[in-house]
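Student: I need the structure of the sequence given here:
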Amino acid sequence: MAKSCVLVIIVFATIMFSTFSVLSAFQYKVGDADGWHQPDDNNREMYETWAGNINFHINDSLLFVYKNDSAIEVSKPDYYHCNETSGSVAPKDGSTLFTLDKPGFYYFISGNLDHCNRGQRLMIEVPDPASKSKTNAANSVLSVLGFGMWCVHLMLLLI
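Tutor: Numbers count the residues shown, from 1 in each chain. Now for the predicted structure:
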């Protein structure tokens, strides 16, 4: 019985430590069915709300779909001041795709200054996977130790 518990612990630990979180990249349509447009005056936080419901990861992408508008990636100060002059070129072809290729904050605004000032802007954060994996490793160790203690307790009861 003791050998079985030890074997189970070893197998469990091996699985826990060798398992990597493989994340698939997803493409998100900004605003879902509504797309990228100037929000109504009573819903200026719509893009903040939309982004708050998603856990973004490295290599995910954002698809901005719009009519007579544009989407520009800008710096943090330009986001808060709706300054579109320092951002990327604003294509007006109906859609723009941005890939989230590194951890950190990303800032997007409409190329139309009035639209941006009325809430058509988006800020998202892509977490650093290194900090998450350290937490997962610590939790895995605790799980293995907890299971090991359970096996020891069971063996003591059976003896």
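Student: Start and end of stretch 68-75, how far apart?
Tutor: 23 Å (Cα to Cα, to the nearest Å).
Student: Next, the buried residues of that stretch.
Tutor: Residues Asp69, Ser70, Ala71, Ile72, Glu73, Val74 are the ones in stretch 68-75 that count as buried (16 or more other Cβ atoms under 10 Å). Backbone N, C-alpha and C define where each C-beta goes, glycine included.
Student: do stretch 51-68 as well
Tutor: So, applying 16+ other Cβ under 10 Å, buried residues of stretch 51-68: Ala51, Phe56, His57, Ile58, Asp60, Leu62, Leu63, Phe64, Val65, Tyr66.
Student: Quick check: nearest residue in space to the second one, chain neighbours excluded?
Tutor: Just to be clear, that refers to Phe56. Val126 (4.8 Å; Cβ to Cβ, 6 or more residues apart in numbering).
Student: Strands along this protein, start to end?
Tutor: 27-29, 61-65, 71-74, 95-99, 104-110, 121-126 (DSSP state E).
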